[in-house]
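> below are the sequence and a predicted model for it; my questions follow.
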Amino acid sequence: MIFTDDTAEAMRAAVHLANSAQDPDTLVTRADFDAFLVEFPYTGRIDRDADELAAVRALRPRLRRMLLAPRDEMVDEINDAFRDIVFDAHVVRHDGADWHLHAVADDRPLAERILAETAMALLDVVRADEGSRLAVCADDDCDGVVLDLSRNRSRRYCSVACTNRNAVAAYRARQR
């Protein structure tokens with residue numbers, strides 16, 4: 001295992017959010033937001049209202065910058081995030097997950113908790129010098145963020161759609 005489960009899950013959620021801002025935007029409606037919360041079930045306060053959705057949507061460009069920054073700049077982004085977080089660190093165990101750190105109180109706004117979890121996860125990326133696991137999609141027509149947690153570092157595309165599109169194009173090129 002490269003990262004702990006909570007680190008990998010925080011990075012998956014951050015990548016999903018960053019990529020949701022791609023065209024077409026996939027985090028527009030409350031239904032989109034509910035689907036995100038089902039896929040990435042955050043603990044603590046969740047208001048599920050228009051203000052919370054707007055705050056999470058506004059966080060997406062910042063998450064993208066954090067995820068794709070070179071190592072030293074990633075540290076700067078992490079430190080900037082830490083300055084914007086009201087820390088209330090505590091160790092918890094819940095929902096089948098073993099003991100792990102929650103950096104902020106459960107009653108803090110969801111966007112702040114997402115920022116905190118992303119910053120903490122990226123700190124693990126920096127400490128392990130594994131920034132190469134985050135990249136821009138290799139599809140020429142896509143600039144989605146790729147999170148490669150594979151053992152052999154083989155992931156090049158941000159989604160199944162980009163993977164399939166490129167596989168079909170390569171197949172057609174070989175058939176000519």
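Alright, I've got the coordinates. Numbers count the residues shown, from 1 in each chain.

> list the buried residues of the lowest-mean-pLDDT helix or strand in the chain.
When each helix and strand of the chain is scored by mean pLDDT, DSSP states H and E, helix 160-175 comes last, with a mean of 86. For helix 160-175, the neighbour count (16 or more other Cβ atoms under 10 Å) marks 162-163, 165-166 as buried. Heads up, the C-betas are built off the backbone N, CA and C, glycines and all.

> show me how far that helix is from its chain's centre.
Centroid displacement of helix 160-175 relative to its chain, using Cα atoms, centre = their mean, to the nearest Å, is 26 Å.

> ok, now stretch 95-114?
15 Å.

> enumerate the positions of that stretch that are buried.
In stretch 95-114, counting by 16+ other Cβ under 10 Å, buried: 102-104, 108-114.

> could I get those residues as a markdown table with secondary structure, distance to Leu37 and pLDDT?
Below are the buried residues of stretch 95-114 laid out as a markdown table (DSSP: H, G, I helix; E, B strand; the rest coil; distance: Cβ to Cβ, whole Å; pLDDT from 0 to 100):
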| residue | secondary structure | distance to Leu37 | pLDDT |
| --- | --- | --- | --- |
| His102 | strand | 17 | 92 |
| Ala103 | coil | 19 | 93 |
| Val104 | coil | 17 | 95 |
| Arg108 | coil | 16 | 97 |
| Pro109 | coil | 14 | 97 |
| Leu110 | helix | 9 | 98 |
| Ala111 | helix | 13 | 98 |
| Glu112 | helix | 16 | 97 |
| Arg113 | helix | 12 | 97 |
| Ile114 | helix | 11 | 98 |
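
> what helix or strand is Val92 on?
strand 90-94 (DSSP states H and E).

> give the contact list for Ala13.
40, 114, 117-118 (Cβ atoms under 8 Å, 6 or more residues apart in numbering).

> try Ala119
66, 77-78, 81-82, 85, 103.
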